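Peer 1: with the sequence up front, the predicted model follows.
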Amino acid sequence: QLQLVESGGGLVQPGGSLRLSCRPSGGTLNRYSILWFRQSPGKEREGLSCVTSASTNTKYADSVKGRFTTSRRNAENTAWLQMTRLKPEDTGTYYCAAGLWRSCETIDESSIDSWGQGTQVTVSS
């Protein structure tokens with residue numbers, strides 16, 4: 001079974017940037033669409049972005065649209081979430097997840113095949 005590992009989290013000042021990575025500890029991401037989620041203190045888990053297996057389709061939550069960019073390079077077996085203009089409300093634990101959806105418009109979270117363990121992002125001065 002695919003196991004995902006996130007990295008790249010940390011402490012950053014408001015307005016700063018971070019790039020999160022998602023890699024499998026075994027297997028390959030090639031067939032999977034990759035989602036990024038955020039769990040912030042006192043809030044429900046929020047889906048942030050999606051990129052399909054061949055990067056033909058992406059989708060973003062309104063809260064991050066224009067600030068975050070999801071991408072992937074199958075040759076490197078890696079997906080990324082580039083985060084810019086970070087705000088204190090972006091603080092949380094960030095997770096990547098994988099599923100076999102052909103389009104970001106047909107995501108079914110109940111059919112997620114694999115989750116990462118999460119990486120903490122703290123936006124604070």
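Peer 2: Arrived safely. Numbering: from 1, shown residues only.

Peer 1: so who does the residue nearest the centre of the chain touch?
Peer 2: Centroid-nearest residue in the chain: Trp36, 2.4 Å away (criterion: Cα atoms, centre = their mean). Applying Cβ atoms under 8 Å, 6 or more residues apart in numbering, we find Trp36 in contact with 20, 22, 47-50, 68, 70, 81, 94-97. Any C-beta I mention is one placed from the backbone N, CA and C, and that applies to glycine too.

Peer 1: what's the answer for Val64, then?
Peer 2: Here Val64 is in contact with Leu48, Ser49, Met83, Asp90 (Cβ under 8 Å, 6+ apart).

Peer 1: check the residues you listed for burial and list the buried ones.
Peer 2: Buried members of the contacts of Val64, scored by 16 or more other Cβ atoms under 10 Å, are Leu48, Ser49, Met83, Asp90.

Peer 1: of the residues you listed, closest to Ala75?
Peer 2: Ser49 (20.7 Å; Cβ to Cβ).

Peer 1: so the closest one, which state does it fall into?
Peer 2: strand (DSSP: H, G, I helix; E, B strand; the rest coil).

Peer 1: which residue packs closest to it, ignoring adjacent ones?
Peer 2: Thr70 (4.0 Å; Cβ to Cβ, 6 or more residues apart in numbering).

Peer 1: list the residues that contact the one you found.
Peer 2: Ile34, Trp36, Leu48, Ser49, Cys50, Val51, Thr58, Tyr60, Ala79, Trp80, Leu81, Gln82.

Peer 1: the closest residue in space to the fifth one that isn't next to it in sequence: how many residues sit nearby?
Peer 2: Read it as Cys50. Sequence neighbours aside, Cys104 is the residue nearest to Cys50 in space, at 3.7 Å (criterion: Cβ to Cβ, 6+ apart). If you count neighbours by other Cβ atoms under 10 Å, Cys104 ends up with 19.
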